[in-house]
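Enquirer: Fold the stuff below for me.
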Amino acid sequence: MSVHIKAQKGEIARTVLQPGDPLRAKYIADNFLEDAKLVSQTRNIFYYTGLYKGKEISVGASGMGIPSIGIYSFELYTEYEVDTIIRIGTCGGYSTDLKVYDLLNVKQAASESTYAKFSWGIEDEIIPHQGNCFDLINETAKNLNLPLKTTNIHTSDIFYRKVPGTPAMAAKYNCSAVEMEAFALFANAKYLGKNAATILTVSDIIPTGDEISADEREKALTPMINLALETALRM
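Expert: Reported below is the predicted structural model:
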């Protein structure tokens with residue numbers, strides 16, 4: 001077991017789906033996995049391992065923000081010999097070129113965060129997905145006839161801003177949307193030589209205020225969950 005995950009060695013699969021919300025992890029385990037077992041609930045951050053079409057897969061939360069996913073993904077990679085983490089989450093669209101419910105496959109994550117610099121000596125402001133999972137997500141979406149957009153996204157430490165609009169970092173790297181975790185996940189995977197990808201569902205459009213309601217979210221996220229699980233079968 002690690003400091004923050006109390007699963008025993010061997011109780012976490014080599015491929016992990018990682019939503020931010022612990023209850024979303026529970027929802028996936030309850031509704032998409034067979035024989036799912038709760039293997040860790042430290043700090044109410046739930047991790048489950050079960051079977052999807054016969055393949056062992058784990059699902060567990062990252063929490064919110066770069067520091068949280070930085071901890072959980074590092075421990076999964078180093079303490080539990082995880083090969084691949086697919087982050088599945090929501091994002092806000094900076095542009096009206098996006099619509100709510102759009103599915104995004106993240107090509108690169110740009111951030112003002114110093115996480116990568118001070119953790120691993122990675123000076124880059126923008127870090128790409130790691131390994132072959134990104135390409136497999138694209139191929140799987142095509143096979144499932146799921147519309148999917150590839151894009152750069154902005155990983156921000158800030159949810160509420162004094163000045164509205166698209167931040168300079170996002171504009172610099174042509175980021176179509178914002179979330180709070182992918183940059184740290186990609187940095188850890190790059191340093192450790194692991195696979196990492198991020199699939200996002202657009203939950204709101206910042207310029208217009210369009211958003212998916214709380215009641216609609218479970219149904220809205222189903223295509224993303226299915227895409228991640230079907231991709232995991234190919235890892």
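
Enquirer: and the longest helix for the chain?
Expert: The longest helix of the chain (DSSP state H) is helix 217-232.

Enquirer: Contacts made by that one with the rest, please.
Expert: 15, 17, 24, 27-28, 32, 52, 55, 57, 84, 86, 88, 90, 100-101, 103, 133, 136-137, 140-141, 143-144, 146, 148, 197, 199-201, 203, 212 (Cβ atoms under 8 Å, 6 or more residues apart in numbering). For every residue, glycine as well, the C-beta is placed using N, CA and C.

Enquirer: just the buried members of the residues you listed?
Expert: The neighbour-count criterion (16 or more other Cβ atoms under 10 Å) marks 15, 17, 24, 27-28, 32, 52, 57, 84, 86, 88, 90, 100-101, 103, 133, 136-137, 140-141, 148, 197, 199-201, 203, 212 among these as buried.

Enquirer: how about the strands in this structure?
Expert: Remark: strands assigned in the chain by DSSP state E are 15-18, 34-40, 47-52, 55-60, 84-93, 103-110, 126-128, 149-155, 175-179, 195-205.

Enquirer: most tightly surrounded among those strands?
Expert: Among the strands of the chain, ranked by average contacts under mean count of other Cβ atoms under 10 Å, first place goes to strand 15-18 (a mean of 27).

Enquirer: So which elements touch it?
Expert: Secondary-structure packing of strand 15-18 (3 or more Cβ pairs under 8 Å, 6 or more residues apart in numbering; DSSP states H and E): strand 55-60, helix 66-79, strand 84-93, helix 217-232.

Enquirer: again, only this time at 7 Å
Expert: Contacts defined by 3 or more Cβ pairs under 7 Å, 6 or more residues apart in numbering; DSSP states H and E place strand 15-18 against strand 55-60, strand 84-93, helix 217-232.

Enquirer: Tell me the bridge partners for Leu17.
Expert: For Leu17, the beta-bridge assignment (DSSP bridges) gives partners Val59, Ile86.

Enquirer: about what we covered before: and the longest helix of the chain, C-alpha only, in PDB?
Expert: C-alpha atoms of helix 217-232 as PDB (Å, rounded to 0.1, in the frame of the first residue of the first chain):
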ATOM      1  CA  ARG A 217     -24.400  14.800 -16.000                       C
ATOM      2  CA  GLU A 218     -24.600  11.000 -15.400                       C
ATOM      3  CA  LYS A 219     -26.200  10.400 -18.800                       C
ATOM      4  CA  ALA A 220     -24.000  13.000 -20.500                       C
ATOM      5  CA  LEU A 221     -20.800  11.300 -19.300                       C
ATOM      6  CA  THR A 222     -21.700   7.800 -20.400                       C
ATOM      7  CA  PRO A 223     -20.100   8.100 -23.900                       C
ATOM      8  CA  MET A 224     -16.800   9.200 -22.300                       C
ATOM      9  CA  ILE A 225     -16.900   6.300 -19.900                       C
ATOM     10  CA  ASN A 226     -17.700   3.800 -22.600                       C
ATOM     11  CA  LEU A 227     -14.900   5.200 -24.800                       C
ATOM     12  CA  ALA A 228     -12.400   5.000 -21.900                       C
ATOM     13  CA  LEU A 229     -13.400   1.400 -21.100                       C
ATOM     14  CA  GLU A 230     -13.300   0.200 -24.700                       C
ATOM     15  CA  THR A 231      -9.900   1.800 -25.100                       C
ATOM     16  CA  ALA A 232      -8.700   0.100 -21.900                       C
END
